[in-house]
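**Q** Mind folding the following:
(chains A, B, C and D)
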There are 2 protein chains.
Amino acid sequence: MKQVIATTSVVESMLEIAWQFSARGVDGACCGELSLAEFRALQTAALYSDCSVQQIGKLLDFTKSGATRIVNRLEKQQLVTKVRSAEDGRVCCVQPTENGLDLLQHAKEITGERLGQALSKVSAQEQNSIVHALTTLAKVL
Amino acid sequence: MKQVIATTSVVESMLEIAWQFSARGVDGACCGELSLAEFRALQTAALYSDCSVQQIGKLLDFTKSGATRIVNRLEKQQLVTKVRSAEDGRVCCVQPTENGLDLLQHAKEITGERLGQALSKVSAQEQNSIVHALTTLAKVL
DNA sequence: GAAAATTAGTTGACGATGTCAATCAATGTG
DNA sequence: CACATTGATTGACATCGTCAACTAATTTTC
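**A** Residues are numbered from 1 along each chain as shown, chains lettered A, B, ... in the order given. Modelled structure (predicted):
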């Protein structure tokens, strides 16, 4: 119960942080021509090798038609290529291109700078604490 | 430089967390009939008394026309009322209704539960650390 | 003190986005 | 081989927020 109370008071912080690193806070500044959904899809494709369209949809909570459209937009920007799977002709493997990986790396750097800038306002000890906390939280969500 | 490297590795975590508590993760589960933007606008109206439409737009990074539309949707759902300011006839004060405040409270509880559920997977000490980290981070962003 | 400039808000047209349902193609299953 | 399933796509559609033009209220300027 105490825990619920404690986390209830932290909810505003959580939502604020999420807002800052979501479409409204990050878009454009970090993702170039990409929407946040597209960026996340690109991330996912880079993370899972031979990632299918459907897999992206499931992982990011889009319908399969939504996933198709997101991937198509990435393909149009030459950030991924779609390759028909050799094992299963229905499956479409989404592979990031060189450009896609570059963009991903750049976006990470920009976001990292943004985070680093915020973190620079607190002590080194707190920086470590926050980095550790975020890493841990992401794992258990 | 070391800091940049450290934060670069935490960027994925940050984006993952943000994603989970943004439209894709939270919508519906916590916001009822509201979009995340509407929810945030309602939050803002509740936080700043006599909050103008424009203020909401500026705080959440929407254009004024976007803000108008978001507030109008909230009004249609009877979660806020729009009152012409006594001091300045141009300004439109957005005030949460009883319903609006209830929804806000409920949403916070749900999100809090969600966060609490994730936190229950780590030690009490880490819970404290995470709560503290989130609170601190939200302040310096 | 009236004209001009500024500011808050609204609205129409629009582009972007993602869903739903229907469909096609490839694979599995009886 | 017929039938069901699964991955992906597409057309129609609703939602969302922007842009530009506009109205109305206030402030500035001369």
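**Q** does any bit of stretch A:35-43 sit next to DNA strand D?
**A** No: using C-beta under 7 Å from any atom of the strand, stretch A:35-43 never reaches DNA strand D; the gap is at least 11.5 Å. Glycine gets a C-beta too; all of them are placed from N, C-alpha and C.
**Q** Off-centre distance for that stretch?
**A** 6 Å (C-alpha atoms, centre = their mean, to the nearest Å).
**Q** So which bits of that stretch are buried?
**A** Across stretch A:35-43, burial judged by 16 or more other C-beta atoms under 10 Å in any protein chain shown covers A:36-43.
**Q** Any chance of these in TSV with secondary structure as columns?
**A** What follows is the buried residues of stretch A:35-43, written out as TSV (DSSP: H, G, I helix; E, B strand; the rest coil):
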residue	secondary structure
A:36	helix
A:37	helix
A:38	helix
A:39	helix
A:40	helix
A:41	helix
A:42	helix
A:43	helix
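**Q** tell me which of those residues is nearest to chain B?
**A** Set against chain B, the nearest of these by C-beta to the nearest C-beta is residue A:40 (6.3 Å).
**Q** which residue ranges form the helices in chain A?
**A** With helices called from DSSP state H, chain A shows them at A:2-20, A:23-26, A:36-47, A:53-60, A:64-76, A:98-119, A:124-140.
**Q** so which of those helices gets nearest residue B:114?
**A** When the helices of chain A are compared by C-beta to C-beta, helix A:2-20 sits nearest residue B:114, at 8.8 Å.
**Q** So for that closest one, mean pLDDT?
**A** The average pLDDT within helix A:2-20 is 72.
**Q** Show the contacting residues for residue A:15.
**A** Contacts of residue A:15 were listed using C-beta atoms under 8 Å, 6 or more residues apart in numbering or on different chains, and they are B:21, B:26, B:40, B:43, B:111.
**Q** and which of those residues is nearest DNA strand D?
**A** Relative to DNA strand D, the closest of these is residue B:40; by C-beta to the nearest atom of the strand it sits at 8.7 Å.
**Q** Now the closest one. Nearest residue, chain neighbours left out?
**A** Counting by C-beta to C-beta, 6 or more residues apart in numbering or on different chains, residue B:40 lies nearest to residue B:60, which is 5.4 Å off, once chain neighbours are set aside.
**Q** most neighbours per residue, which of the helices of chain A?
**A** helix A:36-47 (a mean of 22; mean count of other C-beta atoms under 10 Å in any protein chain shown).
**Q** That one vs DNA strand C: in contact?
**A** Yes: using C-beta under 7 Å from any atom of the strand, helix A:36-47 reaches DNA strand C at A:37-38.
**Q** What is that helix packed up against?
**A** Identification of packing neighbours for helix A:36-47 by 3 or more C-beta pairs under 8 Å, 6 or more residues apart in numbering or on different chains; DSSP states H and E yields helix A:53-60, helix A:64-76, strand A:92-96, helix A:98-119, helix B:2-20.
**Q** The residue nearest to residue B:40 and residue B:44 touch, don't they?
**A** Yes: between residue B:60 and residue B:44 there is a contact under C-beta atoms under 8 Å: 6.5 Å.
**Q** if I pick the residue nearest to residue A:54 when sequence neighbours are not counted, what's in contact with it?
**A** Spatial nearest neighbour of residue A:54, chain neighbours left out: residue A:64 (5.4 Å); criterion: C-beta to C-beta, 6+ apart. For residue A:64, the contact set (C-beta under 8 Å, 6+ apart) comprises A:53-54, A:57.
**Q** and DNA strand D, which of those contact it?
**A** Contacts with DNA strand D within the contacts of residue A:64, counted by C-beta under 7 Å from any atom of the strand: A:53-54.
**Q** check contacts around the residue minimising distance to the centre of chain A.
**A** With distances taken as C-alpha atoms, centre = their mean, residue A:40 lies nearest the centre of chain A, 3.7 Å away. Shown in contact with residue A:40 (C-beta under 8 Å, 6+ apart): A:60, B:15, B:19.
**Q** quick one: which of the residues you listed is nearest to DNA strand D?
**A** Distance to DNA strand D, by C-beta to the nearest atom of the strand, is smallest for residue A:60 among those, at 12.8 Å.
**Q** Could you pick out the residues of chain A near DNA strand D for me?
**A** Residues of chain A lying close to DNA strand D (C-beta under 7 Å from any atom of the strand) are A:52-55, A:64-65, A:67-69, A:71-72, A:82, A:88, A:90-93.
**Q** Before I go, just wanted to say thanks for your time.
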